[in-house]
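just need the structure, nothing else, for what follows:
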Amino acid sequence: MMNRHAQEIIAELKNDDIQLKAIEFNVRGEDVVATFLYDDLFESDDVHTAPRPKDPMFLKADELDDITFALKEKGIEYTIRNDEFI
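You can find the predicted model right below:
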């Protein structure tokens, strides 16, 4: 069975209002923030009717393998950044 976060990401591909370009996973320790990256968000002339991007997802690092596997299967582009602070 597919991870529920992967299901949400794949469902966002079906959003006809805005075009999902990629997902960026920012890893910090055991926490991961998945940010949705879109093509141009503001094609609408009225900011009140402009499509709204999906809020970031907060995940745990142990979920990342299942999610990226599902994204690869669907051909969804993603990057993984490891945030390390000195």
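
elements contacting the least confident helix or strand in the chain by mean pLDDT?
The weakest-scoring helix or strand in the chain, judged by mean pLDDT, DSSP states H and E, is helix 4-13 (a mean of 84). With contacts taken as 3 or more Cβ pairs under 8 Å, 6 or more residues apart in numbering; DSSP states H and E, helix 4-13 sits against strand 20-28, strand 31-38, strand 57-60, helix 64-74. Using the backbone N, CA and C atoms, a C-beta is placed for each residue, glycine as well.

buried stuff in the first one?
Neighbour counts using 16 or more other Cβ atoms under 10 Å place 20, 23-25, 27 of strand 20-28 among the buried residues.

I figured residue 58 hits residue 33, correct?
Yes - here residue 58 lies in contact with residue 33, judged by Cβ atoms under 8 Å, at a distance of 6.0 Å.

the more surrounded of these two?
Taking other Cβ atoms under 10 Å, residue 58 and residue 33 do not tie; residue 33 has more neighbours (15 against 10).

can you list the low-confidence ranges for this protein?
When residues are selected by pLDDT under 70, those of the chain lie in 40-53, 84-86.

please export the C-alpha coordinates of stretch 60-80 as CSV.
What follows is stretch 60-80, C-alpha atoms only, in CSV (Å, rounded to 0.1, in the frame of the first residue of the first chain):
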residue,chain,number,x,y,z
LYS,A,60,9.6,11.7,9.5
ALA,A,61,12.8,10.6,7.9
ASP,A,62,11.8,6.9,8.0
GLU,A,63,8.9,7.7,5.6
LEU,A,64,11.2,9.2,2.9
ASP,A,65,12.2,6.0,1.2
ASP,A,66,8.5,4.9,0.6
ILE,A,67,7.6,8.3,-0.6
THR,A,68,10.5,8.7,-3.1
PHE,A,69,9.9,5.2,-4.4
ALA,A,70,6.3,6.1,-5.2
LEU,A,71,7.4,9.4,-6.8
LYS,A,72,9.9,7.6,-9.0
GLU,A,73,7.2,5.2,-10.2
LYS,A,74,5.0,8.1,-11.2
GLY,A,75,7.9,10.1,-12.8
ILE,A,76,7.6,13.0,-10.3
GLU,A,77,10.7,15.1,-10.0
TYR,A,78,12.1,15.6,-6.5
THR,A,79,15.3,16.7,-4.7
ILE,A,80,16.5,15.9,-1.2
